[in-house]
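A.B. asks: quick check, what structure comes out for this input:
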Amino acid sequence: MTIVKTSSKGQIVIPAEIRKKLGIEPGQKVDLSLENDKAVIKPLPKDPIKTLRGLLKGRPSMTKALLDDRKKEIEHDEKITS
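C.D. replies: Alright, predicted model coming up:
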């Protein structure tokens, strides 16, 4: 167990050993949340765009589905007006 002290401004220093294990570098943002009355620190990705790239790969394309729906609407409208 590591014990740290809060400053008068409520700041704490994350010990080097923990920063290394979590991969936290100077200036990096972290997520601080409460889970079951405990503070949880999670490092945020340095490049969130790069981290999310490919996340939806292999899933159905919403763009394709919307274009297909629009095409069907146009065909339907053309049948009605003909």
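
A.B. asks: do a quick rundown of the strands in the chain.
C.D. replies: If DSSP state E is used as the criterion, the strands of the chain fall at 30-35, 38-43.

A.B. asks: for these, give me JSON lines that also has distance to residue 55.
C.D. replies: C-beta: built from backbone N, CA, C; applies to glycine. Below are the strands of the chain laid out as JSON lines (distance: least, CB to CB, whole Å):
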{"stretch": "strand 30-35", "distance to residue 55": "18"}
{"stretch": "strand 38-43", "distance to residue 55": "18"}
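
A.B. asks: of all those, which one is nearest residue 21?
C.D. replies: For those, distance to residue 21 was read as CB to CB. The smallest value, 10.3 Å, belongs to strand 38-43.

A.B. asks: who does that closest one pair with, and is each partner parallel or antiparallel?
C.D. replies: Here strand 38-43 is paired, per DSSP bridges, with strand 30-35 (antiparallel).

A.B. asks: contacts for the strand it pairs with next, please.
C.D. replies: 24, 39, 40, 41, 42, 43, 44 (CB atoms under 8 Å, 6 or more residues apart in numbering).

A.B. asks: looking at the strands of the chain, which is closest to residue 74?
C.D. replies: Of all the strands of the chain, strand 30-35 comes closest under CB to CB, at 45.6 Å.

A.B. asks: give the buried residues for the closest one.
C.D. replies: Buried positions in strand 30-35, judged by neighbour count with 16 or more other CB atoms under 10 Å: none.

A.B. asks: quick one: the helices in the protein?
C.D. replies: Using DSSP state H, the helices found in the chain span residues 16-22, 48-52, 62-81.

A.B. asks: quick one: the last one to chain centroid distance?
C.D. replies: Helix 62-81 sits 34 Å away from the centroid of its parent chain (CA atoms, centre = their mean, to the nearest Å).

A.B. asks: could you dump the strands of the chain to a markdown table with mean pLDDT?
C.D. replies: Rendered in a markdown table, the data for those read as follows (pLDDT from 0 to 100):
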| stretch | mean pLDDT |
| --- | --- |
| strand 30-35 | 95 |
| strand 38-43 | 93 |
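
A.B. asks: closest to residue 75 out of those strands?
C.D. replies: Relative to residue 75, the nearest member of these by CB to CB is strand 30-35, separated by 48.0 Å.
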